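**Q** Sequence and predicted model, in that order:
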Amino acid sequence: MMHRRLFLNSTACGFGSLATASLLSQSAIDPRVFADAIAPSSGLHHRAKAKRVIFLFMQGGVSQVDSFDRKPLLDQRDGEMMEFDDAREFANKGTVGSKQRVMKSPWSFKQYGQSGRWVSDLFPKMAEHVDRMALIHSMHTEGVAHGPATLFLHSGSLNLIRPSMGSWIHYGIGSENDNLPGFVSIAPSIGNGGPRNYGSAFLPARHQGTPIGKAGESQLRIDYLNSTGDASSRSKLDQIQKLNRLQLDRRATQDSELDAVIESYEMAWRMQSTAPELLDFTTETEETNRLYGLDKKETESYGRKCLLARRLCESGVRFVQVNYGDNSANPAWDQHSNLPKHADHARAVDQPIAGLMTDLARRGLLEDTLVWWGGEFGRAPYAQQNGTGRDHNPGGFTVWLAGGGVQPGIAYGQTDEFGHRAIQDKVHMHDLHATILHLLGMDHEKLTFKHAGRDFRLTDVHGRVVHKIIT
Amino acid sequence: MTAVHQRSSSLFLCTVSLVAVASAYLRADDTELDSSDDRVVFFENKVRPLLVKRCLECHSSDAEINGGLSLDSKAGWQLGGDSGPAINPDDWQKSLLWIATNYRNPHLQMPPDGKLLDSEIEIIRTWLSQGAVDPRVATTVKKTARAALSVEESQQHWAYRKPVSNGGTHPTHPSGNVIDAFLAPRQASAGLEPADRASMSVLRQRLWIDLHGLRPDVVAIQASPDFNQEWDEQAYDQYVERLLASPRFGERFARHWMDAVRFAESITLRGFVLSDAWRYRNYLIRSFNSDKSIAQFIREQIAGDLMPSDTVEQRTDQLTATSMLALGDTNLEEQDKKQLEMDYVDEQLDMIGKVLLGQTIGCARCHDHKFDPIPTKDYYALAGILKSSSALDHSNVSNWVRVPLPLDSQSENAFASMTSERADLKKELDAIKKRLQSSASSSSSLVVAAADLDGIVVDDDSAQKTGEWQSSSSVQVYVGTAYLHDKNTGKGTKSVSFEPKNLKPGTYRVRLSYSPGENRTKNAMVRIFSADGEDVVRVDQTVKPKDNGLWQTLGSYRFEPNGQASVVISNQDTTGHVVADAVQFLPEAATEKETLKESASKPVSVSEPDLESLRKKAARMEAEMKKLQSRLDKRPMVISIKALDKPMDLAIHVRGSVHQLGEVVPRGYLSCVPRMATTLPIGQDSNGRMELANWIASDENPLTARVYVNRVWSWLMGEGIVRSIDNFGTTGELPSHPELLDFLTLQFIQHGWSTKWLVREIVRSEAYQRASRCSSEELEMDPDNRLFARGHVRRLDVEAIRDSLLSISGELDLGSQIDSVIPAEMKEDYKFSHSVRYRSLYGPLFRNSPLELYTEFDGANPSFPISKRSRSTIAPQALALLNSDWVAERASKFAALVASSNTLSNEQKINDCFLATVSRPATEQETAWAKSLIDASTAHSGSVDSVWCDLVRDLVASIDFRFIE
């Protein structure tokens, strides 16, 4: 066993094959639990209710009072100047209580499904799935500006460099498919933290997220994966391996690191054989294409990303993030001065997300796939600077979860009567992280990694599992 | 929370004790309570159930004691938690319990998952206002503190004790090398036979990679002495000297140091380009090439700006060195600027601790270090020193500090005269403008058509109005047919939003038009939403707009595609009429032209000829000023930090929170390091950074030289004598050969902290020169090679892979200390495409757009201090080597050179390919392999170039290219 540790630390040929093993070497986990963890249906610390996650990231901050958190009082008091505790003012100046103009939602709300949840006209298609969702109305988080809040959402830290949630999950339970990366971020934005949002920070590099495509570009591709390169020809690969074996023999020394090089070429070959097929949608039916909105210009872009997410999940990828964002420091959903523009973004994502939900459900994937929809924060119920938009609001907003282990058709928590601050059953971003780890069979207090002299966690010293939304 | 609580600070001071029992409080004022007392009844009926239901889950000694507070006894809340006593019976409204449950302080809201019901708050009010009667008696109230080493105990830890010299004596070894003498005994006792010296070819490759970071080029291979056929120590030493004297040496060692100090030339968030960072990189190269004393090197990086200097070059180095403190990957956008500043200092401390002292100081930000003797007060003593200098200028997005570099006296004078020239011009120009303004206000009366104006003009009739606005045309000048005013009513409810259509991305001068008048507001609120966030400008509408009486410049702003672009005028907090007429977005490039054109035409049509000439003069002067400014902007600047006029001591931040302050601690050093004779106390008015620099770089400091010597050892020997290179604390690893480390450290200091001396000592040892091959028995006996009985396998880092490929293809430009390769106009790193052919360390090293292959091949994450790069072997590396166009291009360039030769045989060509890529001739089997490849490939493709290209690419993908024995 003398080389075991060295081997584990240096030779992850697969993206995820040895992820759990690294965890074992890092913290004292009962080996029986570890053995159990290899069986995919069991979690690392307890039985998992979900095997994988699709995170539909609405970058920039969707306004909760214009989408899922209906507040009739806004209509009644529209235009009135009232005192609110504005988050930005508090962060900048430490003052609370400033006069703001209450602004009603330009969209009307309807009730949907058996559960009768209210959803605005922004998301009529998504609304048809309310009976599958657990709406969390009482989210709150840290960070008033996009950069800090986006990093916080991904890594649980505003400013310090920490591993992304997907990296933590991959580190904890690895991947189900050795031929593919275990953590994928589709079309990530380069702004507001960029690669840090899918980075592994101090976790070993193999837990790093793999970006497919970039925000603002239509092409969905993985770096260095192409059908014409040398990795696509088995005979060329055999040539290289022959030379490698000659050189290895010549060294006449046992060296697991060099063995790993040979294995890495085999793995590259397997990836090269698997991944392009995954990115090739020609096998999908017309009906599926329409379901995701690929037939319409405004929904085609996000639809392709959602469809890819489903294909990745089917292939065993552990964490898929589907970004709706762009490459500026002021991301898509960021309507400071022109709230009606929310409608453009809603149109772009509504059909694709509804299609994804339908598709996951009919394929039986929804049972063990956790779907998470939301942004880095919400928006204020009043007009920003008395204008026609809404400023950021980390104090209260809505996200929804659906699928593996989530109670369907419920609403959890509340904001105040204006939809500004979460007041009841508050769920902090740390709590959401803890809950997601829990659903995947991990205890957020036990999922640790030793770095710079101490054990680190995704949730730092915070986080509480929200048991009430779990089945 | 701003209140300072004495209790919390005193708790922090008793860090050494394990358990502080609050016995004093148990006895304090427990007068017997009558159980029929109304207040006791109220407590039992109302308060106790409420506490149980809503508080005790987290605040009881039976469960958790969150924040150190237990509410299950009177003594519990009297003693209080980290923030102090929970209830103040003498002034109940100031009780933390009251403040927290009322949710008025966003940082202190309890219960955290939702506010209590009004009826519940009412219960608390009654209870507190009646004196907080509480009959509950605690059995024990424990504050569990943790058990770090005491300062006295800590000084027994090896790293805090001075290196031992053994009276200058040391063991000896047949090789004559002291290092071998120190290593031999443990090898012998483990029964390990040290490996033989590696072959000449291998040693050459090692020296090149270790000292230059490159594979040896073919010329070097053919020209280098045969120092191994018959071991010729002198020839070897000379070879080492030649490599040490080359500018490549400084580049290689600078690259190592850049990892350690998380060097980068941009910031992740928004991709801001740190356009002066390259100067620091070149400073590092200079310092290593000139073998600067590492003590001085460290002093300059911590406090160069505070050191005296004799020459311009010296001053330049000193200022440039301090960039180290300012290159962290900081979130400049953080809105809580107090938080930002402390995060900034934390990042600096973390880096200084790890890189220079081998200490994880950052652990002590929120609580005393759990394992090492670093109490929180030491953290804030050090933090106070760094906080006494400013590294940021705050605005919505804060900015880093740039300072001018010194120049020779001639250039210095030139810049000085330009500066004064500009000042004079400005004075004169202001005077002219004033005259123009007063004459314009008396004479002009104009209506300007929007279509006549340059740039994009949004007039009031196409703006979005909120609230009731009156259209008017009574007071000229204005754009279009009319302007809007708020009728001086409905203050705070009205706004007009001007949003340009089809605004091309770029920088614009944004100007506002309004018709001025005495009844107007003096502070119309104008908000500009641009790519850089929001800006607020207050406009005095009683005075005439400055530009030709029509336009008031709001500022220059950047707009991005699909980003926000709007100007909103509101009547919030105003008295007097607020006027909204039009907004102009004038492309920056066009402004100069526009200024001329405008002043020459429109509003002047009614004025006298002399005014006309004045205007022309003003325009000329403005153009002149602009030119001057652009020349002034060329003054070389460097990223640095600025000592504050008044240094400050910091208060302990309880649990790291900037809003929860404890006791103020004087600036100082780590108390675990024994007091040194040379240590100076930090005077009240002294900044403290110079003292800190001297303390760190002192010969007496037991950590600094050891940490550096160990670091260099690891660069050359693969692993440190202490394997946790940046952690010499109690959680770090112990040195495998403590006497060797101490001996080298003392000698290093004696040799004036000379890096080259140290390198020479190490590479001349047999330990360095040993072959890496060994039997499986030997491997089993010492799998991690802790005894250094064999050589280690070197892996080409990503820079070496890239640089060697560029060198093979003949493209590498070996210029040294290259200036910035970033185009001056590049402000964000996102879209930079790397095409430069200098060595990789010249980058630029961007955090958002890394060099080709950088991510795949374990490039250092430039956001962290990195002491040891990870060594991963993963499929994406294989994919990159096989499929990357960049690699293919390098290979094909070299292949074309090989193929073009008419005189060489195929066998010779094969050999050339091997020499260039794996730095040795092909073996017999490899030649056979290559021949069959060429035959097959020729049959397949037919093109000569592509045949050789296939061979080169296979070689680059092979083990021997990436791993040196």
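**A** Alright, I've got the coordinates.

**Q** Validate this expectation: B:Ile569 resides in a strand.
**A** Yes: judged by DSSP: H, G, I helix; E, B strand; the rest coil, B:Ile569 forms part of a strand.

**Q** Roughly how far does the closest residue to it other than its chain neighbours sit from chain A?
**A** The spatially closest residue to B:Ile569, leaving aside those adjacent along the chain, is B:Ala580, at 4.5 Å (Cβ to Cβ, 6 or more residues apart in numbering or on different chains). For glycine as for every other residue, the C-beta is placed from the backbone atoms N, C-alpha and C. Distance check for B:Ala580 against chain A: by Cβ to the nearest Cβ, to the nearest Å, it reads 12 Å.

**Q** If I look at B:Ala580, what pLDDT would I see?
**A** We have a pLDDT of 92 for B:Ala580.

**Q** doesn't B:Tyr483 make contact with it?
**A** Yes: B:Ala580 is within contact range of B:Tyr483, at 6.8 Å (criterion: Cβ atoms under 8 Å).

**Q** show me what contacts the residue nearest to B:Ile569?
**A** B:Ala580 is in contact with B:460, B:463, B:469, B:483-485, B:496, B:498, B:514, B:569, counting by Cβ atoms under 8 Å, 6 or more residues apart in numbering or on different chains.

**Q** before we move on, back to that, quick check: neighbours shared by B:Ala580 and B:Tyr483?
**A** Joint contacts of B:Ala580 and B:Tyr483 (Cβ under 8 Å, 6+ apart) are B:460, B:514.

**Q** got the domain boundaries for chain B?
**A** Per automatic domain parsing, the domain ranges recorded for chain B read B:19-144, B:166-245+B:704-781, B:445-606, B:885-964.

**Q** Whichever strand or helix holds B:Leu805 near chain A at all?
**A** Assessed by DSSP states H and E, B:Leu805 sits inside helix B:798-808. No: figure legend: helix B:798-808 not in contact with chain A (Cβ under 8 Å from any Cβ of the partner chain); closest approach 12.0 Å.

**Q** now the angle between helix B:798-808 and the helix or strand following that helix, please.
**A** For helix B:798-808, the succeeding helix or strand toward the C-terminus, using DSSP H and E, is helix B:875-883. Relative orientation of helix B:875-883 and helix B:798-808, computed by axes from the mean of the first three to the mean of the last three Cα atoms, to 10 degrees: 10 degrees.

**Q** tell me the two of the contacts of B:Ala580 that are most distant?
**A** By the measure Cβ to Cβ, B:His485 and B:Phe498 form the most distant pair in the contacts of B:Ala580, at 15.3 Å.

**Q** where in chain B is pLDDT low?
**A** B:1-33, B:62-64, B:138-151, B:168, B:225-229, B:438-452, B:562, B:589-609, B:941-942 (pLDDT under 70).

**Q** From the centroid of it, which residue is nearest?
**A** B:Gly328 (0.8 Å; Cα atoms, centre = their mean).

**Q** Which residue, other than its chain neighbours, is closest to that one?
**A** Among residues not flanking B:Gly328 along the chain, B:Glu347 sits closest, at 4.1 Å (Cβ to Cβ, 6+ apart).

**Q** Now the one you found: which helix or strand?
**A** For B:Glu347, the host element (DSSP H and E) is helix B:337-352.

**Q** and the following helix or strand past that helix with helix B:337-352, angle?
**A** Using DSSP H and E, the helix or strand that follows helix B:337-352 in sequence is helix B:376-387. Counting by the same axes, to 10 degrees, helix B:376-387 lies at 100 degrees to helix B:337-352.
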